[in-house]
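1. model the following, please.
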Amino acid sequence: MSLHGIASSDALQNAIREKAEKLERYYDHIVSCRVVLSLEGRHKRHGRQFTAHIDLKLPGGEIAVTHEHDEDLQAARREAFDAARRQLEDYARQQRGDVKHHETPAR
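-> Numbers count the residues shown, from 1 in each chain. Next up, the predicted model:
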């Protein structure tokens, strides 16, 4: 976990660790999970902007999610983990063969 422009706290680190561990419920072969939370500089119209980036390394693949939110670090973190979970569920279904692949008709 990396924090850029954001003060570290035990509560924040524990929340991120818990969310990352919960991802293993959806696919238990995660090789690595990297989380970066950053506070971008002030924007003229939006004020502070928080960015949450999650990078999951998987056997034979990778999932990368970036989510931005104005003024709310927790919302950016939560929404990024939700998006990562949905993509991980899709990846797990493909690995199990639950997803039908449409073949291109031969001509």
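
2. switch to C-alpha atoms for all contacts and neighbour counts from now on
-> Will do.

3. which stretches in this structure count as helices?
-> Secondary structure of the chain (DSSP state H): helices at 10-23, 73-96.

4. so which of those is nearest residue 67?
-> helix 73-96 (5.3 Å; CA to CA).

5. rebuild the helices of the chain as JSON lines, extending it with distance to residue 34.
-> As requested, those are arranged in JSON lines below (distance: least, CA to CA, whole Å):
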{"stretch": "helix 10-23", "distance to residue 34": "9"}
{"stretch": "helix 73-96", "distance to residue 34": "12"}
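
6. highest average neighbour count across those?
-> Highest mean neighbour count of the helices of the chain: helix 73-96, a mean of 17 (counted as mean count of other CA atoms under 10 Å).

7. what mean pLDDT does that helix have?
-> Mean pLDDT, computed over helix 73-96, is 93.

8. helix or strand, whichever it is, which one in the protein has the lowest mean pLDDT?
-> Lowest by mean pLDDT, DSSP states H and E among the helices and strands of the chain is strand 32-43, with a mean of 85.

9. tell me which residues of that strand come out buried.
-> 33, 35, 37, 38, 39, 40 (16 or more other CA atoms under 10 Å).

10. would you reformat these as a markdown table and include distance to residue 67?
-> Below are those laid out as a markdown table (distance: CA to CA, whole Å):
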| residue | distance to residue 67 |
| --- | --- |
| 33 | 16 |
| 35 | 12 |
| 37 | 10 |
| 38 | 11 |
| 39 | 12 |
| 40 | 12 |
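
11. ok, residue 81 - contacts?
-> Each residue near residue 81 by CA atoms under 8 Å, 6 or more residues apart in numbering is listed here: 19, 20, 54.

12. tell me the pLDDT at the first one?
-> When you say that, I think you mean residue 19. We have a pLDDT of 94 for residue 19.

13. now it, nearest residue through space, not along the chain?
-> The spatially closest residue to residue 19, leaving aside those adjacent along the chain, is residue 81, at 7.0 Å (CA to CA, 6 or more residues apart in numbering).

14. same check, this time on residue 75
-> Closest to residue 75 by CA to CA, 6+ apart is residue 69, at 6.8 Å.
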